[in-house]
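Chemist: Next one to model:
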Amino acid sequence: MQQTFTIAETWDLLDRARAEGLRIGLVPTMGFLHQGHASLIRASAAENDLTLTTIFVNPLQFAADEDLSDYPRDLERDFALCEQAGANIVLTPSVDEMYPLPILTEVAVNDLSSAMEGAQRPTHFAGVTTVVAKLFNIGGRCRAYFGEKDYQQLAIVRRMALDLNFPVEVIGCPIIREANGLAMSSRNTYLSPEEFDAAGVLNRSLKSAVALAEAGETDVEVVRRHIIDMIETESAVSSPDYVAIVDAATLQPIERMAGDVRIILAAQVGRPRLLDNIGVTLPA
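Modeler: Here you go, the predicted model:
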């Protein structure tokens, strides 16, 4: 496994790999890696000849009152996980390497970015899509792997790649969960043991909602209220910031539980806001 620090040296390695006919996989991360990230690297390693993993805490996607300075970091641990999972190159650029000048260009995916996380964090997705566009330009023609935990982000990145003709196939990978069902996240480290246990209610509420819909409930508001009521039984978990029930492809709200549905939620548990979602296909 090779570590690179600059875009130029990474391009050089990838150009040589492509000249040899190798297929490239890209796994963008912000570091403090866990088994969810490892699953993305393993998926890329299984489907490609060379996997580039990037570790970069992107300042553009943090608002002034968010946890950029406190975001957890452990590069030594990250490198060990990357190597074990099958990464070949790990790019760890500095902020000055990624943004040598104050950035004047912004990539925004309208409509898909305005609801859910976009409503809660208005500047977030423009920061995400701008840095991912840069990473796609670094990776070049490749397959890029993202976890489904950030489902709205995945949909936005897919649409950006399509709209801007990036030579990148965006691949979504299943959520990796803790034993209590909590979706793995770098921010889970902020949870106390009691909060960690309580946060399992997020996944339980989603699974219960799917069971309710599969039993025949078609009223979106009934399903949504069911989720909120379950979450509010845990005093350590706040009432959700949102529970969105949307078309899985377009992220548009639906009027009844039918077709390919995605249920997406966010709630505060102690210090961190945690995201989770679940998909279900119902009779049309």
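
Chemist: Packing partners of the strand or helix carrying residue 136?
Modeler: In the assignment (DSSP states H and E), residue 136 maps to helix 124-139. When contacts are defined as 3 or more C-beta pairs under 8 Å, 6 or more residues apart in numbering; DSSP states H and E, helix 124-139 sits against helix 7-19, strand 24-29, strand 50-55, helix 117-120, strand 142-147, helix 151-163. Every C-beta, even on glycine, is put in place using the N, C-alpha and C of the backbone.

Chemist: nearest to residue 271, of those?
Modeler: Across the helices and strands packed on helix 124-139, residue 271 has its closest neighbour in helix 117-120 (15.8 Å, C-beta to C-beta).

Chemist: how distant is the closest one from the center of its chain?
Modeler: Its chain's average C-alpha position is 15 Å from that of helix 117-120, according to C-alpha atoms, centre = their mean, to the nearest Å.

Chemist: same check, this time on stretch 114-127
Modeler: With C-alpha atoms, centre = their mean, you get 14 Å for stretch 114-127.

Chemist: Name the surrounding residues that touch that stretch.
Modeler: Identification of contacts with stretch 114-127 by C-beta atoms under 8 Å, 6 or more residues apart in numbering yields 58-63, 66, 106-109, 112-113, 152-153, 156, 241-242, 244, 251, 264, 266, 273, 275.

Chemist: Ok, stretch 208-220 next?
Modeler: By C-beta under 8 Å, 6+ apart, the list of residues contacting stretch 208-220 reads 222-224, 226-227, 230, 245, 253-258, 261, 263, 278, 280, 282.

Chemist: So which of those residues are in strands?
Modeler: Among the contacts of stretch 208-220, DSSP state E puts 245, 261, 263, 278, 280, 282 in strands.

Chemist: For residue 239, which three-state class applies?
Modeler: coil (DSSP: H, G, I helix; E, B strand; the rest coil).

Chemist: Go ahead and confirm it touches residue 231.
Modeler: Yes: under the criterion of C-beta atoms under 8 Å, residue 239 makes contact with residue 231 at 7.0 Å.

Chemist: Those two: which has the busier surroundings?
Modeler: A direct count of neighbours by other C-beta atoms under 10 Å for residue 239 and residue 231 places residue 231 higher, at 23 against 10.

Chemist: wait, isn't that one in contact with residue 203?
Modeler: No: assessed by C-beta under 8 Å, residue 231 is found out of contact with residue 203, at 10.6 Å.

Chemist: Now do the same contact list for residue 264.
Modeler: 116, 151, 152, 242, 243, 244, 245, 246, 275, 276, 277.

Chemist: Next one, pLDDT for the closest residue to it other than its chain neighbours please.
Modeler: Among residues not flanking residue 264 along the chain, residue 277 sits closest, at 4.2 Å (C-beta to C-beta, 6 or more residues apart in numbering). Looking at residue 277, its pLDDT stands at 98.

Chemist: for the helix holding residue 136, which positions count as buried?
Modeler: 124-136, 138-139 (16 or more other C-beta atoms under 10 Å).
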